[in-house]
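Engineer: Based on what follows, work out the 3D shape:
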Amino acid sequence: MEKTRHTTVSPDLATWTRQNDALTPIAGGMISTGNIVERPKVIYNRNTGEYVMWFHSDSSNYGAAQVGVAVARTPCGPFTYRGSFRPLNAESRDMGTFVDDDAAQTAYLLYASDNNQNFKISRLDANYYNVVTQVSVISRSTFESPGIIKRNGVYHLFASKTTGWDPNANKVVTASSLAGPWSAESDIAPRNTRTYFSQNTFNLPISQNFAIYMGDRWRPSLLGSSRYIWYPMTWSNGNLPQIVPADVWSIDLASGTYTAAQGTTYEAERGTMSGGARLLNNTAFSGGTCVGYLGNGGSLTLNNVQGIGADQWISLYYANADSTWRNTTVSANGGAAARVDQPNTGGGSVVLSVPVKLFLRSGANSITFSAGQSNWAADLDKIVVYTAT
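Structural biologist: Sure, this is the predicted structure:
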């Protein structure tokens, strides 16, 4: 646990304010600065009035495979550490929690176990301090990073597969009881996107047919720069849930709805290429064409990009077939360049998007990509410019 774990609060899920430190390292134990504390989940026990934090508690080599528990009287803490242990003497690594809607508000631990081969669900005691009974095992599932949403009496278990820090096609399985039987696996996003380069970390229900998918976008070579991705996730016509990959979207908590912003698209192939940049043909790209060989002397300028005289979100749609990340510089009207990271997309025919915020003057703008950088950037399909903030 290299640092204290802090909390942030929000009235609308859009604006956030940092609060006090929630959990502080303790020397000589399982939450010392040399240990792992990750995936914290806080659940409220209405019978005791306590907030109970469960987290993955581990040694630096991930050999301890334990859960940790801490308690507080307020959701932001500070939390008092109670201890770390293996639930029912079994390994636990990536984990989550779930509180059911029964009269007792029964809580459960969801965890990857047995060297991440089997996934387990176990009931907590009335205080939410300990694990008392194993409820279900999904054998050989290699599930991790779990979350559960209960909808119309059906439990939806979301989880990724086990591929280290690399993303994969995250799954959902369903059951009418936490004891199972569980359905066959279904993808929550197009499989080739590998869940839009993310790993499930939490699933927040908002209304009957709408939840928020919260995912980690891990960067193995620089974990501290890893980011979150939040997308709407919807149930359409009674079908299984699917992520909606909206670049820019807003939420109305009062009505339980979301709105995906509409932007203006500018195709990369309509820009002016310099240096070694050239057109590449591939049916995966909009219009069947993208601009490749950007960076390392190649650049692209898109002219007559319309702005509103404000900071605006711009989404770059790109493909990066490398096994590692690339990046590109982006500047507007000859101004200072911003660097935008471009995770590997899983193939040259898989297109993902990454955001950048630039000031665009009112009216026409020129946006230049990859100028002056010595490394290769990803192939650029298009950009989408948004006016919504």
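Engineer: So which residues make contact with the helix or strand of the chain with the lowest mean pLDDT?
Structural biologist: In the chain, the helix or strand scored least confidently by mean pLDDT, DSSP states H and E is strand 5-9, which has a mean of 82. Strand 5-9 is contacted from outside by 16-23, 37, 40, 75-77, using C-beta atoms under 8 Å, 6 or more residues apart in numbering. Quick note: C-beta positions are derived from backbone N, CA and C, even for glycine.
Engineer: average pLDDT for the next helix-or-strand element following it?
Structural biologist: Next in sequence after strand 5-9, counting helices and strands by DSSP states H and E, comes strand 17-23. Per-residue pLDDT over strand 17-23 has a mean of 92.
Engineer: gap between the next helix or strand after strand 17-23 and the chain center?
Structural biologist: The C-terminal neighbour of strand 17-23 among helices and strands, as given by DSSP H and E, is strand 36-45. Mean-position distance between strand 36-45 and its chain equals 17 Å (C-alpha atoms, centre = their mean, to the nearest Å).
Engineer: Could you do stretch 263-275 as well?
Structural biologist: Between the centre of stretch 263-275 and the centre of its chain there are 29 Å (C-alpha atoms, centre = their mean).
Engineer: Which positions within that stretch qualify as buried?
Structural biologist: Buried residues in stretch 263-275, defined by neighbour count with 16 or more other C-beta atoms under 10 Å: 263, 266-269, 271, 273.
Engineer: ok so residue 129 is a strand residue?
Structural biologist: No: when DSSP: H, G, I helix; E, B strand; the rest coil is applied, residue 129 is found to be coil, with no strand at that position.
Engineer: Columns distance to residue 98 and secondary structure on top of the buried residues of stretch 263-275, output as TSV?
Structural biologist: Output for the buried residues of stretch 263-275, formatted as TSV (distance: C-beta to C-beta, whole Å; DSSP: H, G, I helix; E, B strand; the rest coil):
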residue	distance to residue 98	secondary structure
263	36	coil
266	44	strand
267	45	strand
268	44	helix
269	48	helix
271	49	coil
273	52	strand
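Engineer: contacting residues around residue 62?
Structural biologist: Listed by C-beta under 8 Å, 6+ apart, the contact set of residue 62 reads 36, 93.
Engineer: what are the phi and psi values for it?
Structural biologist: With angles defined as degrees, to the nearest 10, residue 62 sits at phi 60, psi 30.
Engineer: swap in residue 237?
Structural biologist: Note on residue 237: its backbone torsions stand at phi 60, psi 40 [degrees, to the nearest 10].
Engineer: before we move on, what about residue 343?
Structural biologist: Backbone geometry at residue 343, expressed as degrees, to the nearest 10, gives phi -60, psi 150.
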